[in-house]
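Peer 1: coords below, sequence missing:
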């Protein structure tokens, strides 16, 4: 029973403080997973990779996977719902405030202040995933670094993320099957 309370509290906190969407929540999820020993770093990285490739919101999908690993189907449901609950409540409140104050400078300036923080959180999550995957180690996996730069280049050229994922997966199969 305690595991369910821990899952609820951890993912409610992630949902409450993970401003900026799913990728910005990854550092908070990582901290919760590490603190409670629900997954290894490699398992967590694998879950992020899978949920990034899957349809739907990455935070909810990740919460489902982590909750399932920690406590089966009830854990998955508790984790996902508790992760979504703060957003649901916040959106209801923000709609009321936004409609009431949409023309004020305070709202406009506060949003301008939050945007760079979201970029920093997403960047931090990406670097953290790369470090846990060994991309920045002295014995770096050079084909993975090549795939990383190729993927960034394709995204920069506005190639669909679906094609980028498919091409990267195909390259992984070819490179690592040899």
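Peer 2: Alright, I've got the coordinates. Computed from a prediction, not measured in an experiment: that's the story for all the values here.
Peer 1: So what are the structural domains in the protein, by residue number?
Peer 2: 2-134, 141-178 (automatic domain parsing).
Peer 1: which helices and strands sit right next to the host helix or strand of residue 86?
Peer 2: Assigned by DSSP states H and E, residue 86 falls within helix 58-101. Helix 58-101 sits against helix 2-17, helix 22-36, helix 41-53, with contacts defined as 3 or more C-beta pairs under 8 Å, 6 or more residues apart in numbering; DSSP states H and E. Backbone N, C-alpha and C define where each C-beta goes, glycine included.
Peer 1: Of all these, which one comes closest to residue 67?
Peer 2: Of all the helices and strands packed on helix 58-101, helix 2-17 sits nearest to residue 67, with 5.4 Å by C-beta to C-beta.
Peer 1: and the closest one, which residues are buried?
Peer 2: 3, 4, 6, 7, 8, 10, 11, 12, 13, 14, 15, 16 (16 or more other C-beta atoms under 10 Å).
Peer 1: Could you take the residues you listed and lay them out as TSV, with extra columns for distance to residue 55 and pLDDT?
Peer 2: Putting these into TSV (distance: C-beta to C-beta, whole Å; pLDDT from 0 to 100) gives the following:
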residue	distance to residue 55	pLDDT
3	28	95
4	27	96
6	28	96
7	23	97
8	25	97
10	24	95
11	20	95
12	24	95
13	26	92
14	21	91
15	20	89
16	25	87
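Peer 1: and the next element down the chain from the lowest-mean-pLDDT helix or strand in the chain?
Peer 2: Ranked by mean pLDDT, DSSP states H and E, the weakest helix or strand in the chain is helix 105-132, scoring a mean of 84. Next helix or strand after helix 105-132 toward the C-terminus (DSSP H and E): helix 142-156.
Peer 1: Test for you: state the pLDDT assigned to the residue lying closest to residue 148 once chain neighbours are set aside.
Peer 2: For residue 148, ignoring the flanking residues on the chain, the nearest one in space by C-beta to C-beta, 6 or more residues apart in numbering is residue 135 at 6.9 Å. Per-residue confidence at residue 135 stands at 74 (pLDDT).
Peer 1: Residue 135 against residue 143, yeah?
Peer 2: No: checked against C-beta atoms under 8 Å, the pair residue 135 and residue 143 is beyond contact range at 10.8 Å.
Peer 1: orientation of the helix holding residue 86 relative to helix 105-132 in degrees?
Peer 2: With axes from the mean of the first three to the mean of the last three C-alpha atoms, to 10 degrees as the basis, helix 58-101 and helix 105-132 are set at 170 degrees to each other.
Peer 1: To residue 128, which of the helices and strands packed on helix 58-101 lies closest?
Peer 2: Closest to residue 128 of the helices and strands packed on helix 58-101 is helix 22-36 (C-beta to C-beta; 6.3 Å).
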